[in-house]
Every structure is written in structure tokens, then in C-alpha cells.
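Participant: I would like to see how this sequence folds:
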Amino acid sequence: MEFLAISGSARGLSTNTAMLRAVSEIARPEHSIRVFDRISDLPVFSPDLEGLRLPDAVRDLASQIRHSDGLIVSSPEYVRAIPGGLKNAIDWLVSRDEFITKPIVLMHASHRGDDMLAQIRTVLSTVSTRFSEDLFLRFELMKKTPVEIAEHLNRPPNRQAVADFVQQFAAFCSR
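Facilitator: Alright, predicted model coming up:
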């Protein structure tokens, strides 16, 4: 299966992005996970730009979603809330068929962030008919470098947790 992993962070050295990249390596060769790390490329949502005037960056994200079997979303918490960039991306996608019927799960790279996770669960369960609240994977990775994150996730128990999560998500997508 082919999944798209969306990082809700605009940081170049994002913990969430690094975690998603490590997960994509662990999932191979059975599953392909492409990481979308360009939230900051999306313009501010405006209904006036939907349809024929859709910005290229939004068109590209929608195409990647359309061609994936499911979405994995991972995001930091900013001021106890969903980061503006990720919320903006969801606003662009909410009226699109690619997003509404796409299987979606969450991952999280911190021991903190429960307020944001509650908000994003509410938002995703509202805009998607296939959001799974039951499938969720969390690691405590704050303040680790991308190399340390990859090493941490490749330790046997963590690697197995990732493999199990991806397999369960694939089964969910097949239903």
C-alpha cells in the first residue's frame, strides 16, 4: 500500500517530520510512505481560490492524497492547539472528495500535546468519514535530532510497534 504522511510542522528540523521519515524507512518494502513536509508552501485558505483558481501547492497536495491509500498525520502542538499551517491545509482539503473519504490515522512525536490531539481528533472526525481514533502511535522524541529519532525507532520494540501500526493501518484501509 501507498500512504502519504503529512507533517503538521513548518520547521526544517521537525521532530514530527523526522519521525515520519524514519517510519517510512521501517515500512519498506511492504508499504510505501511518502512524507509531505511542505505545509508552509500552502497559501492562506480562501474559498475564492477554489476550483479553477486552485493554487499549485494545494493542487499538488490534493493529487498526492488522491494517489495514496491512506493518510498518516503527525503534528506538534502550538500554544495547546493545532498549528496554523496544518489547520490551513485541512481548510483547503475539507471540501475535496480526496480527503473526505480517505482513511486517516494519527502519530505523535511527544509525550505532550494532548490538547492539540483532542482538537485534531475532533476536526478530522468531522471532516473525514474514515478517520480512525483507535489507531494511534506515540513516541517521546522531543529534543532528539533526526539521526537520534531514526536510531530510537529502529530499536527492536519500537521498530515492531511501527511495523504493527502500519500493518493495522493497511488493514483499516482495506476495509
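Participant: now do the same for G12: its pLDDT.
Facilitator: Here the pLDDT value assigned to G12 is 89.
Participant: no, scratch that, I was asking about S75
Facilitator: Looking at S75, its pLDDT is 97.
Participant: do you know how far the nearest residue to it once chain neighbours are set aside is from R155?
Facilitator: The shortest distance from S75 to any non-neighbouring residue, by CB to CB, 6 or more residues apart in numbering, is to G8 (2.7 Å). Yep, even glycine has a C-beta here, placed from its N, CA and C like the rest. Taken as CB to CB, to the nearest Å, the spacing of G8 relative to R155 amounts to 25 Å.
Participant: which residue of these two possesses the greater neighbour count?
Facilitator: Set side by side, G8 and R155 show unequal neighbour counts under other CB atoms under 10 Å, the larger going to G8 at 26 against 10.
Participant: show me what contacts the more buried one?
Facilitator: Applying CB atoms under 8 Å, 6 or more residues apart in numbering, we find G8 in contact with 16, 39, 73-76, 82-83, 85-86, 89.
Participant: just D115 next, same as before
Facilitator: 77, 80-81.
Participant: so how far is the host helix or strand of it off the chain centroid?
Facilitator: Using DSSP states H and E, D115 maps to helix 114-127. Between the mean C-alpha point of helix 114-127 and the mean C-alpha point of its chain there is a distance of 13 Å (CA atoms, centre = their mean, to the nearest Å).
Participant: just the helices in the chain please.
Facilitator: Ranges of helices in the chain, per DSSP state H, are 15-27, 56-66, 84-93, 97-100, 114-127, 146-153, 156-174.
Participant: closest one to L49 among those?
Facilitator: When the helices of the chain are compared by CB to CB, helix 56-66 sits nearest L49, at 7.9 Å.
Participant: in that closest one, what counts as buried?
Facilitator: Within helix 56-66, the residues scored as buried using 16 or more other CB atoms under 10 Å are 57-58, 61-62, 64-65.
Participant: related to what we said a few turns ago, between the contacts of G8, which sits nearest Q119?
Facilitator: With CB to CB as the yardstick, the closest approach to Q119 among these comes from I82, at 5.2 Å.
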